[in-house]
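Student: Using only what follows, build the 3D model:
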Amino acid sequence: MFSYEKKLQYPVHIKNPNPKLASFIISQYGGPDGELGASLRYLSQRYAMPYPELKALLTDIGTEELGHLEMIGAIVHQLTRELTDEEVRKCPSFAPYFVDHTTGIYPTAASGAPWNAASIGVKGDVIADLTENMAAEQKARVTYDNILRLSDDPDVNDVIRFLREREIVHFQRFGETKRTRWNGTSKSC
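Tutor: Next up, the predicted model:
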């Protein structure tokens, strides 16, 4: 069903290591409003969707979110590759992560809470799921806004701005679908 192209949707070329920056960007990998949850939310919701065009939309966006997950993983990896022990010791926000995962990419929130499925919503109702998806896209956008407020790395910010823009586009697509095709009604038994 999926065709994998061995390149990122948007290039990630981070020049300077920065474990502190990585310690909060990891939240978009496995945090409550991150890309892992988004991809699984949409790819799970599509099974119960009674309309082929909405099922296709969920598949398209869910698959794109997997690409975003890959981009966030690449950012975190590039920010933490080849760190010295001294660099880790000097970064108290990254050191706990390092103890548990070294520089492996692990789905966790910036707070350290590991990813779990409790943060995704799948109801099997068109309106409930579309509304959930619009809220999820806005929460992800806010997280990207917060990352941009904390980051001074232009290489990182370039990619984060791209990802933030995609959250806005996804929000718009879900909103258009909800407004124009279903007008507040859902199919029920």
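
Student: middle-most residue in the chain, spatially?
Tutor: For the chain, residue 35 is the residue whose C-alpha lies nearest the centre (C-alpha atoms, centre = their mean; 1.9 Å).

Student: who's in contact with that one?
Tutor: 28-29, 65-66, 68-69, 72, 140 (C-beta atoms under 8 Å, 6 or more residues apart in numbering). From N, CA and C alone the C-beta is placed, and that goes for glycine too.

Student: I'd like those laid out as CSV, including secondary structure and neighbour count.
Tutor: Formatted as CSV, the contacts of residue 35 follow (DSSP: H, G, I helix; E, B strand; the rest coil; neighbours: other C-beta atoms under 10 Å):
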residue, secondary structure, neighbour count
28, helix, 28
29, helix, 25
65, helix, 26
66, helix, 18
68, helix, 26
69, helix, 22
72, helix, 25
140, helix, 27
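
Student: nearest to residue 104, of those?
Tutor: residue 29 (11.3 Å; C-beta to C-beta).

Student: pretty sure that closest one is in contact with residue 38, am I right?
Tutor: No. Assessed by C-beta atoms under 8 Å, residue 29 is found out of contact with residue 38, at 11.1 Å.

Student: ok, back up a step: what's the farthest-apart pair in the contacts of residue 35?
Tutor: Once C-beta to C-beta is applied, those give 66 and 140 as the farthest pair, at 14.2 Å.

Student: pretty sure residue 157 is in a helix, no?
Tutor: Yes. Counting by DSSP: H, G, I helix; E, B strand; the rest coil, one finds residue 157 located in a helix.

Student: Which residue lies closest in space to it, excluding its sequence neighbours?
Tutor: residue 151 (5.5 Å; C-beta to C-beta, 6 or more residues apart in numbering).

Student: again with residue 34
Tutor: residue 28 (4.6 Å).

Student: just residue 170 next, same as before
Tutor: residue 137 (4.7 Å).

Student: For the helix or strand where the one you found lies, which helices and strands make contact with it?
Tutor: If you go by DSSP states H and E, residue 137 is part of helix 126-150. Contact analysis of helix 126-150 by 3 or more C-beta pairs under 8 Å, 6 or more residues apart in numbering; DSSP states H and E lists helix 19-25, helix 27-30, helix 35-45, helix 154-177 as its packing neighbours.
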